[in-house]
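*Asks:* would you be able to build a 3D model of this:
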Amino acid sequence: MSRLVAKLLKYKKSPNIQLTRNLNGPGGPIVLGSNPCNWAIIENRWGGEQDVKPEQMLSDMRSSGYGATDLGDLGFLPTNPDLTRECLSGVQVMGAFVEMSLSKLTLPEVEMSTLDKVCKIMAGFGGQTNSPHIVLADQGDSEIRQKNSGHISSALEMTATEKQHFLKNLALVRAHCLESYNLPVFFHPHCGSRVETLPEIEWLVGNSDVQLVFDTGHLLYASKGEADLVELLRKYKDRIGTFHFKDINSESMLSNQAAGKTYLEGVKSGSLVVNCGQGMAAKFFPEIVNWQRDAGYKGFVCVEQETFDRSETAVNMAINQRYLTDLYQGPIPSVLIGSGRMGIIHGQNLSSSPHWDLRYVCDLRENTAKEAAKILGASAVDNVKQAVSESQGEIKVAFICTPTPNHLEDIKACADLGLDIFIEKPVCVKESDIAEAYDYCEAKGVLLYCGFHRRFDPALRKFQTSVNSPGWGPCELLHVFGRDSPCPPVEFLKTSGGIFHDLMIHHIDQAQWCMGSPVSEAVALTHTWTPELANIDPPVLEETASVILKFKNGGMAMIDNTRRAPRYDERMEAFSIKGVRKFGYDPLDESTHHLTADPFIRFADGYRLEMDHLADLVRHKGIVPMEVTREQSISNSRIATKLMESAEKKTVIRME
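*Replies:* Purely as a prediction, here's the structure:
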């Protein structure tokens, strides 16, 4: 198992704490958001070739399940308000972090100018359900406080005069933002600033009516891990303006503080700020979510994992989102329809995932359903309507793993019950049936997602990214090897739709995904070596197949499939004028050995990660984009059908 997948699977399923609640959707009280600092846009550092661009950050953010963002350092996003709105179209804007010298006699003009620039941008998002806001913090310009965060003594606190200036300037800033821009100001007790400790927060709350940014990470770091976050929520119940969720590693914090390093130096180490649920805040997050529900909190939760290395940001932010969504909503109740080998594979992944609650198994074969339900820790039912009824309407998602000829009927039955649907590929064999299935689900307002699990295999994703990198492509030749083992049972082959729709459709999808261009021409040849398959009724005439696909950009892909391999063998090789890129097993290099006993071992990571993606799609509709779209699903099946035609006619087929 890869390190990345091990990290993704770290969380074990916990008891459902019955906190079902909308997130990110229309009318949902809680909107999860992110912050550019999670992509190393921190300390006013951006613009270099190594830095993320706004478009990539926003794409990563949506794919990770977030519907909102903070503004980030002024200048990272466009500073022209109209251009900012255009850049952030479809995204809610939460807060904008502004540091000001509140303890000085008067606020510097440059700081007021910066505040106005930020407010002009933020005011353009005033039509949101949840108002954008200014996150105000004291200017962290005291080196001694920066290096002593976590053990601030009374000698380092503000003087009485500085406190007077602080309160006066705080009131001035709040009035200016509200009167001139209709923006609320929430104060952020921040490590290294002049208000960070629990006594300093108590002083501020007792001498002003400003609402607070409840930042779990800064509260723990500044108190050396001693803050009781739930007790603080109860104490300041009416003074919480917004939430920042982050988690802190205790060992790293204590080491950083003992060395006299600043909070940001700890962030640079890479070990201080960790995934939510993996640090000191883990014991508080469930109760904080409970508190939000009981208090009727409606607003933003900004999820932060500041870093100076963005290489794993998208993965980390998805981990954080899924952990928190599990707390807010609990695992997703689901039913499995069909308990053959694919049903068992998906069922085992659902049963072991913290994001899913597999409650029922449905199969026309009663004994098979009961055996599968026992293995998966679920209940057997006769039909999906019974599952919905017994769950009192709690079932949300149906996983259809029935024979391909039954797919359209099964999809409609589930859509009629209002269930979101995962369908094992292909959706159907006929293109018209696939379109009908998607149209039917759209009319019923439910999700239909077709499974192409290989897109989630970490090694294959790395290969696809590599062959599409500007410095290497375009790919001119792609060779795809797909040697299936073991050969499926004859009864399965009779209803599978043939080798092109059952097996090669994966390689068709891989080829189109990697080439990034539509197919223009195709030719195929087939042969059946095994007499038992050639002589059955109807005969299986496609035990082995070879294909050439030509793409509109001029590139070509050669795909060979067989069901006669002694071991499961998946490889790809891409050629461009810049060289060769490989995926999978290279016979001349044993270190890349990927031969396995079956596809469920080879692509185990892909199957599991596909279920994570589906959970994101179900929970955050309209935010997370589909990895495999309707158009791609139809295209894959259309090409498979054309290849059947080519093999039958023994001629090159042009795509219409």
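*Asks:* which parts of the stretch 351-500 of the chain are strands?
*Replies:* Secondary structure of the stretch 351-500 of the chain (DSSP state E, counting those that start in this stretch): strands at 356-362, 379-381, 397-400, 420-424, 448-451, 477-483.
*Asks:* which of those sits closest to residue 369?
*Replies:* Residue 369 lies closest, by Cβ to Cβ, to one member of the strands of the stretch 351-500 of the chain: strand 379-381, at 4.2 Å. (Glycine included, C-beta is placed from N, CA and C.)
*Asks:* tell me where the stretch 251-400 of the chain has helices.
*Replies:* For the stretch 251-400 of the chain, applying DSSP state H, counting those that start in this stretch gives helices covering 263-269, 285-295, 313-329, 341-352, 366-376, 384-390.
*Asks:* kindly report the same for the stretch 551-656 of the chain.
*Replies:* Going by DSSP H, counting those that start in this stretch, the stretch 551-656 of the chain shows helices at 599-602, 604-619, 630-649.
*Asks:* quick one: contacts of the second one?
*Replies:* Contacting residues not belonging to helix 604-619 are listed as 1-2, 5, 8-9, 23-24, 64-65, 318, 321-322, 325, 329, 332, 345-346, 349-350, 353, 355-356, 396-397, 420, 422, 447, 449, 451, 453-458, 460, 600, 624, 626-627 [Cβ atoms under 8 Å, 6 or more residues apart in numbering].
*Asks:* can you dump the C-alpha coordinates of it into PDB?
*Replies:* Output in PDB follows, covering the C-alpha atoms of helix 604-619 (Å, rounded to 0.1, in the frame of the first residue of the first chain):
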ATOM      1  CA  ALA A 604      -6.900  -2.000  -4.700                       C
ATOM      2  CA  ASP A 605      -6.000   1.600  -4.100                       C
ATOM      3  CA  GLY A 606      -8.000   2.800  -7.000                       C
ATOM      4  CA  TYR A 607     -11.200   1.000  -5.900                       C
ATOM      5  CA  ARG A 608     -10.900   2.500  -2.400                       C
ATOM      6  CA  LEU A 609     -10.100   6.000  -3.500                       C
ATOM      7  CA  GLU A 610     -13.000   5.900  -6.000                       C
ATOM      8  CA  MET A 611     -15.300   5.400  -3.100                       C
ATOM      9  CA  ASP A 612     -13.800   8.500  -1.400                       C
ATOM     10  CA  HIS A 613     -14.500  10.500  -4.600                       C
ATOM     11  CA  LEU A 614     -18.100   9.300  -4.700                       C
ATOM     12  CA  ALA A 615     -18.600  10.300  -1.100                       C
ATOM     13  CA  ASP A 616     -17.400  13.800  -2.000                       C
ATOM     14  CA  LEU A 617     -19.800  14.000  -5.000                       C
ATOM     15  CA  VAL A 618     -22.800  12.900  -2.900                       C
ATOM     16  CA  ARG A 619     -22.000  15.200   0.000                       C
END
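*Asks:* and the angle for that helix with helix 313-329?
*Replies:* On the basis of axes from the mean of the first three to the mean of the last three Cα atoms, to 10 degrees, helix 604-619 is oriented at 50 degrees to helix 313-329.
*Asks:* just the buried members of the contacts of helix 604-619?
*Replies:* 5, 8-9, 23-24, 64-65, 318, 321-322, 325, 329, 332, 345-346, 349-350, 353, 355-356, 396-397, 420, 422, 447, 449, 451, 453-458, 460, 600, 624, 626-627 (16 or more other Cβ atoms under 10 Å).
*Asks:* for stretch 85-98, how far is the first residue from the last?
*Replies:* Stretch 85-98 has an end-to-end distance of 20 Å (Cα to Cα, to the nearest Å).
*Asks:* before we move on, what about stretch 531-546?
*Replies:* End-to-end distance for stretch 531-546: 20 Å, by Cα to Cα.
*Asks:* use 47 as the first number from now on
*Replies:* Fine by me, first position is 47 from now on; the one you just mentioned is stretch 577-592.
*Asks:* mind checking how far that stretch is from the chain centre?
*Replies:* 42 Å (Cα atoms, centre = their mean, to the nearest Å).
*Asks:* what comes into contact with that stretch?
*Replies:* Outside stretch 577-592, the residues that touch it by Cβ under 8 Å, 6+ apart are 533, 536, 539-540, 544-546, 550, 570-576, 604-610, 689, 693.
*Asks:* for PyMOL, write the select line for the buried members of those.
*Replies:* The buried subset of the contacts of stretch 577-592, as determined by 16+ other Cβ under 10 Å, is captured in PyMOL by this line:
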select buried, resi 533+539+544+545+546+550+570+572+574+605+606+607+608+609+689+693
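*Asks:* pLDDT below threshold where in this structure?
*Replies:* 47-68, 70-74, 90-95, 585-587, 631-641 (pLDDT under 70).
*Asks:* pull out the buried residues from stretch 78-92.
*Replies:* 78, 79, 80, 81, 82, 83, 84, 85, 86, 87, 88, 92.
*Asks:* distance to residue 658 and secondary structure added to those residues, as a markdown table?
*Replies:* Converted to a markdown table, these look like this (distance: Cβ to Cβ, whole Å; DSSP: H, G, I helix; E, B strand; the rest coil):
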| residue | distance to residue 658 | secondary structure |
| --- | --- | --- |
| 78 | 16 | strand |
| 79 | 20 | strand |
| 80 | 18 | strand |
| 81 | 22 | coil |
| 82 | 24 | helix |
| 83 | 24 | helix |
| 84 | 19 | helix |
| 85 | 21 | helix |
| 86 | 24 | coil |
| 87 | 26 | coil |
| 88 | 27 | coil |
| 92 | 30 | coil |
